[in-house]
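Visitor: just the structure for this:
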Amino acid sequence: MSDPNPARFEREDTRTFLQKVAEFIHPGPDSTAELIETLAEAEHNQLIGADSRKMLEGVIRMAEMTAGDVLVPTTRMELVNIEDPYDAMMHGVIDTAHSRFPVFEGERENIIGILMAKDLLKLQRAPELNIRALLRPAVFVPESKGLNDLLRDFQSNHNHLAIVIDEFGRVAGLITIEDVLEQIVGEIEDEFDIDDDAGDIFGLAERTYRVSGDTLIERVENTFGVTLDSTDPEDEFETIGGLIAHEMGHVPRRGEHHVMAGLNFIVLHTKGGAVKWFKVSPAAEQPG
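Guide: Below you'll find the model as predicted:
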């Protein structure tokens with residue numbers, strides 16, 4: 001026997017007549033660009049906040065991005081040579097202040113594992129340990145791997161770093177879970193971010209210093225006993241970050257360096273297009 005009222009099994013349409021007409025005249029977005037425009041309208045109409053709109057846009061854009069779009073290229077990778085003595089490894093870890101390092105043997109392309117900075121400290125307490133036993137397995141992903149899939153892998157495998165391989169099987173760079181998340185939430189503060197009153201110049205090993213990009217030029221000159229003049233006398237800068245960026249002629253990227261007044265400024269960390277931290281040392285003692 002047929003149901004006398006089949007409509008009762010259908011989802012009730014609660015839209016008003018005017019809503020149906022409006023949706024017919026103005027259908028929903030059918031492209032990523034239109035969806036982002038819709039989010040902007042929602043923010044304008046105060047349906048969502050600015051932070052929520054930025055995060056939602058990040059999620060949408062990330063769906064179309066791959067590991068190759070956001071990787072740190074090989075030229076800027078901080079690597080550890082398995083054949084280096086312990087002191088050299090420790091100095092490198094302290095200078096760069098990262099928590100994870102790809103380890104290579106022989107050629108830089110030959111990545112044999114990942115070294116955690118905290119694991120390296122175990123060698124101080126137990127020198128008889130073999131550093132190879134401390135290495136974590138390296139994860140390799142292709143440049144074409146989507147960021148959505150990569151984030152899912154990071155979460156499920158409890159891994160925070162992957163080595164990116166190009167189409168020819170060569171190392172193209174590395175990518176971290178932070179690199180992926182920053183596509184959604186923007187720059188993430190890390191160990192380089194400190195309070196403004198916590199200091200701006202820190203001594204490291206062997207006449208090397210970590211200098212904030214916001215440090216006043218006059219303070220840098222007094223600390224290192226140098227004079228830092230712009231190549232263009234008409235330009236005036238207050239901070240060392242602004243001066244170095246001007247002299248380089250472009251927005252500095254992590255790993256780049258610039259020699260000035262006998263000092264080598266290596267970009268350690270950037271944020272929002274500005275240098276957050278430099279590593280500074282005498283140019284004659286720091287290879288280019």
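Visitor: for the stretch 51-200 of the chain, which segments count as helices?
Guide: With DSSP state H, counting those that start in this stretch, the ranges of helices along the stretch 51-200 of the chain come out as 67-70, 86-96, 117-120, 122-125, 147-157, 177-185.
Visitor: and those helices, which is most packed in?
Guide: Stretch with highest mean neighbour count among the helices of the stretch 51-200 of the chain: helix 67-70 (a mean of 19; mean count of other Cβ atoms under 10 Å). (C-beta placed from N, C-alpha, C; glycine too.)
Visitor: which neighbouring elements make contact with that helix?
Guide: helix 147-157, strand 161-165, strand 171-176, helix 177-185 (3 or more Cβ pairs under 8 Å, 6 or more residues apart in numbering; DSSP states H and E).
Visitor: could you tell me the least trusted of these?
Guide: For the helices and strands packed on helix 67-70, mean pLDDT drops lowest on helix 177-185, to a mean of 84.
Visitor: by how many degrees do it and helix 147-157 diverge?
Guide: Counting by axes from the mean of the first three to the mean of the last three Cα atoms, to 10 degrees, helix 177-185 lies at 130 degrees to helix 147-157.
Visitor: next one: helix 177-185 to chain centre, how far?
Guide: 8 Å (Cα atoms, centre = their mean, to the nearest Å).
Visitor: quick one: name whatever helix or strand follows it.
Guide: Counting by DSSP states H and E, the element after helix 177-185 in chain order, helix or strand, is strand 201-203.
Visitor: can I get the helices and strands packed on helix 67-70 in TSV including distance to M77?
Guide: Output for the helices and strands packed on helix 67-70, formatted as TSV (distance: least, Cβ to Cβ, whole Å):
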stretch	distance to M77
helix 147-157	17
strand 161-165	9
strand 171-176	6
helix 177-185	13
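Visitor: burial measure for S212, as a count.
Guide: By other Cβ atoms under 10 Å, 24 other residues sit near S212.
Visitor: no, scratch that, I was asking about T239
Guide: By other Cβ under 10 Å, the residues close to T239 number 19.
Visitor: hmm, it is touching D214, no?
Guide: Yes - between T239 and D214 there is a contact at 5.3 Å, judged by Cβ atoms under 8 Å.
Visitor: tell me how far L161 lies from N148.
Guide: Counting by Cβ to Cβ, to the nearest Å, the separation of L161 from N148 is 18 Å.
Visitor: repeat for N81
Guide: N81 is 34 Å from N148, where distance means Cβ to Cβ.
Visitor: related to what we said a few turns ago, ok, which of the helices of the stretch 51-200 of the chain comes nearest V220?
Guide: helix 86-96 (18.5 Å; Cβ to Cβ).
Visitor: show me what that closest one is packed against.
Guide: Judged by 3+ Cβ pairs under 8 Å, 6+ apart, helix 86-96 is in contact with strand 80-81, helix 117-120.
Visitor: end-to-end on stretch 38-51?
Guide: Taking Cα to Cα, to the nearest Å, stretch 38-51 runs 15 Å from one end to the other.
Visitor: nearest to L39, out of the helices and strands packed on helix 86-96?
Guide: Ranking the helices and strands packed on helix 86-96 by proximity to L39 (Cβ to Cβ) places helix 117-120 first, at 39.4 Å.
Visitor: now do the closest one: everything it contacts.
Guide: Applying Cβ atoms under 8 Å, 6 or more residues apart in numbering, the contact partners of helix 117-120 are M89, M90, V93, H98, S99, R100, F101, I131, L134.
Visitor: what about V259, which SS state?
Guide: Under DSSP: H, G, I helix; E, B strand; the rest coil, V259 falls in the strand class.
Visitor: wait, it touches P282, no?
Guide: No - in this structure V259 lies outside contact range of P282 using Cβ under 8 Å: 10.1 Å.
Visitor: for this structure, name the helix or strand with the lowest mean pLDDT.
Guide: Least confident helix or strand of the chain, by mean pLDDT, DSSP states H and E, is helix 17-25 with a mean of 51.
Visitor: ok now the next helix or strand after it, how far from the chain's centre?
Guide: Next in sequence after helix 17-25, counting helices and strands by DSSP H and E, comes helix 32-44. Distance of helix 32-44 from its chain centroid, counting by Cα atoms, centre = their mean, is 27 Å.
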